[in-house]
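*Asks:* sequence plus the predicted model coming up.
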Amino acid sequence: MWALIRIAPPDLAEFLVARLEEPETELRRVATHGIAELADPSRLPLLLALAGDDDWNVRNEAARGLGRVGGEACRAPLLTLVRDVEPVVARTARQALDLLSAV
């Protein structure tokens, strides 16, 4: 999947979204990374859902994706993620909020 993310074929997003249903944790994590790389406003509902995932790695990638999307719709979920119990997620959310403030 890493190679597909680097190549970024046209239907990659649909493939990655389908991988979110996989039971294997690492597949879900890689898929979420790819979704964050492809983040755009059309992916906002998916990123918001991923921001509440039980897996800290998925929440971290969701925070990164929300930062890439930007806009006021991302501010509230990022403020929630800044208070995440996992320090990596909180740091990523803070960086994303900094990007929002700079724009």
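*Replies:* Right, received. Where do you want to start?
*Asks:* rest of the way, CA atoms for contacts and neighbours
*Replies:* Will do.
*Asks:* first-to-last residue distance for stretch 33-53?
*Replies:* 14 Å (C-alpha to C-alpha, to the nearest Å).
*Asks:* could you tell me which residues within it count as buried?
*Replies:* 33-41, 43-44, 47-48, 50-51 (16 or more other C-alpha atoms under 10 Å).
*Asks:* list the contacts of it.
*Replies:* With contacts defined as C-alpha atoms under 8 Å, 6 or more residues apart in numbering, stretch 33-53 is touched by 5, 13, 16-17, 58-66, 68-69, 77, 81.
*Asks:* 6 Å - rerun?
*Replies:* Residues outside stretch 33-53 that contact it (C-alpha atoms under 6 Å, 6 or more residues apart in numbering) are Ile5, Arg59, Glu61, Ala62, Gly65, Val69.
*Asks:* avg pLDDT for it?
*Replies:* In this model, stretch 33-53 carries a mean pLDDT of 96.
*Asks:* contacting residues for the spatially most central residue of the chain?
*Replies:* Nearest residue to the geometric centre of the chain (C-alpha atoms, centre = their mean): Ala62, 2.1 Å. Listed by C-alpha under 6 Å, 6+ apart, the contact set of Ala62 reads Leu47, Leu50, Ala51.
*Asks:* let's see which of those end up in helices.
*Replies:* Using DSSP state H, Leu47, Leu50 are the members of the contacts of Ala62 that sit in helices.
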